[in-house]
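K.L.:
Here is a sequence together with a model predicted from it:
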Protein chains: 2
Amino acid sequence: MTGFVDPRLSINQATIKYADLATALRVTAEAGVQGIGLWREPVNEVGLQTAASILADSGLRFTTHCRGGFFTVPEGPARRASIDDNRVAIEETATLAAAGATGSTAILVLVAGGLPEGSRDLIGARERVRDAIGELVPDAAAAGVTLAIEPLHPMYASDRCVVSTLGQALDIAADFDPAVVGATVDTFHIWWDPDVLASIERAGREGRIATYQVCDWKTPLAADALLSRHYPGDGVIDFASLTAAVEATGYDRDIEVEIFNQEVWDTDPRTVVERTAAGFAASVSPHLRARVTN
Amino acid sequence: MTGFVDPRLSINQATIKYADLATALRVTAEAGVQGIGLWREPVNEVGLQTAASILADSGLRFTTHCRGGFFTVPEGPARRASIDDNRVAIEETATLAAAGATGSTAILVLVAGGLPEGSRDLIGARERVRDAIGELVPDAAAAGVTLAIEPLHPMYASDRCVVSTLGQALDIAADFDPAVVGATVDTFHIWWDPDVLASIERAGREGRIATYQVCDWKTPLAADALLSRHYPGDGVIDFASLTAAVEATGYDRDIEVEIFNQEVWDTDPRTVVERTAAGFAASVSPHLRARVTN
């Protein structure tokens, strides 16, 4: 690869979904990218210790673990299983962060979950998210892991994530230590929000920006709305204002690109990583002040 | 039709999109529904005076005119044409409201418009919406028409409507007389909003609820996201809390059902109106306190 690769770029593994863990680590490192965010499924496919070992060998920083959450079901065995599974995810996050290169961060991204089957009680579902996080905070604190509540675009509010705005994520996080509970700031999910710049400023002021993630929005949406994420620069999101707002908070860590897009997934992963790095360099890098110095 | 038909139900003509104006008026009245919201295209297909005449003959209340707006292009001939076209829509609204049965309301629904082609300046687009409304206010006031800013679901923010929340619509409306500029409160667009109940309360307090519209949300979304609206009761929206919040403001006028849905459009319009009335009776009527008494 010949173009500039931003030292703060991290590839979220979902962007190259069909690559196994070893391949994902290899193509990311070979492209000159310094960080990677991993997903639980491909990690568990090889086993946590093997995953940690090949991550260490890759020389990459580990930036987030995706994902915990799915907290909206009422009390009962399914909820207990979900909480327990999140405890496992917290341990995975700590192990992987310890295995990654210097500057790795122990961040577990949380997707809240949608309305339980047959329910219309959005307010109740949101309260159960807060309760679940409260249960997990002692485990996360003990493991040195930050739980990063991710607001998802409101089009996913019913079936995937009842946390729909950054302000709402911050309201939930407010009950807890910022070292343990923060927010995921993902441009795709929040770019439309009339309060987005004020919410980013607040997130910074309250010490809650656990991770900044970028990808682009354009229409028409994919037939499966979940797969509508695009390379930075291919859509309408103003990365200048959003990135400047995040930078202004003092955030100076890695920035992930996470793309769910069938066409991207059907492309050779090496090409995808190079294309991602180029889009990032053109659309995001010009708006970065600080550099990762580790 | 044998079931209960709520006296406050109004059929928005888009729900029976393929019916011409005469058919839409006839099937709506024959079903025992008392109100209808019209669209500009089918009105202009027969001409405004003919439309007013057959509306008067139908005995139906006229509840809204759909739609004005599309205000986001920068200054130039396209913007002038849009403003002029909105002035025509204001006159249509006044004429139709005068022709409808007692209790008709002169409300023009405004859809703000999306980002101009090639633009990423969401903030600028939003400012141009406010400016355009400011230009139209004298015309609307003179005609006795209320402009009803409609926040659309954030999934339409880039290509259709840069006004995405009720709070944002109220912030725009705040510059103007509530008799002239209000908001459209449509459950489909705002149900997910963590601030929705507070925003409805605020809208009522500020005298801004121009029209309340109901339809349901369910997933998966249609491949064309625009066509994802469903009969009340077929999805996950909690009409109890939203309707109670609207009622608590003192809103006591007609309530429209507006459904964009290919399957609904492909159904015989008489069946659609009956199905709509039944869904409304089951999902919305139990939460209504006041009755239209005119």
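P.N.:
Okay, I see it.
K.L.:
Per-residue pLDDT of residue A:3, please?
P.N.:
Looking at residue A:3, its pLDDT stands at 85.
K.L.:
where's the residue nearest to it when sequence neighbours are not counted relative to chain B, distance?
P.N.:
Excluding the flanking residues, the one nearest residue A:3 by CB to CB, 6 or more residues apart in numbering or on different chains is residue A:278, at 5.3 Å. Using the backbone N, CA and C atoms, a C-beta is placed for each residue, glycine as well. Distance, residue A:278 to chain B, by CB to the nearest CB, to the nearest Å: 18 Å.
K.L.:
Just to be sure, residue A:278 is in a helix?
P.N.:
Yes: the assignment for residue A:278 by DSSP: H, G, I helix; E, B strand; the rest coil puts it in a helix.
K.L.:
Can you report how many residues lie near it?
P.N.:
By other CB atoms under 10 Å in any protein chain shown, the residues close to residue A:278 number 18.
K.L.:
who in chain A is up against chain B?
P.N.:
For chain A, the residues in contact with chain B (CB under 8 Å from any CB of the partner chain) are A:115, A:119-123, A:126, A:153-155, A:157-159, A:164-165, A:167-168, A:171, A:191-194, A:217-221, A:223-225, A:235-238, A:241.
K.L.:
Those residues, buried ones only, as a PyMOL selection?
P.N.:
Here is the PyMOL command that selects the buried residues among those (16 or more other CB atoms under 10 Å in any protein chain shown):
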select buried, chain A and resi 115+119+120+121+122+126+153+154+155+157+158+159+164+165+167+168+191+192+193+194+217+219+221+225+235+236+237+238+241
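K.L.:
Okay, and which of the residues of chain A next to chain B map to strands?
P.N.:
Residues of the residues of chain A next to chain B located in strands (DSSP state E): residue A:217.
K.L.:
in chain A, which residue is closest to the centre?
P.N.:
With distances taken as CA atoms, centre = their mean, chain A has residue A:109 as the residue nearest its mean C-alpha position (5.4 Å).
K.L.:
so what's that residue bridging to?
P.N.:
Listed by DSSP bridges, the beta-bridge partners for residue A:109 are residue A:66, residue A:148.
K.L.:
Next one: it, what pLDDT does it get?
P.N.:
At residue A:109 the predicted local confidence, pLDDT, stands at 98.
K.L.:
So it sits against residue A:146, correct?
P.N.:
No: contact criterion CB atoms under 8 Å: residue A:109 and residue A:146 do not qualify, at 9.9 Å.
K.L.:
Distance of residue A:68 relative to residue A:163?
P.N.:
In this view, residue A:68 and residue A:163 are 13 Å apart by CB to CB, to the nearest Å.
K.L.:
if I look at those two, which residues touch both of them?
P.N.:
Common contacts of residue A:68 and residue A:163 (CB atoms under 8 Å, 6 or more residues apart in numbering or on different chains): none found.
K.L.:
Quick one: neighbours of residue A:268, just the number.
P.N.:
Neighbourhood size, residue A:268 [other CB under 10 Å]: 12.
K.L.:
picking up where we left off before, quick one: contacts for the residue nearest to the centre of chain A?
P.N.:
When contacts are counted by CB under 8 Å, 6+ apart, residue A:109 touches A:37, A:64, A:65, A:66, A:67, A:68, A:69, A:148, A:150, A:184, A:211.
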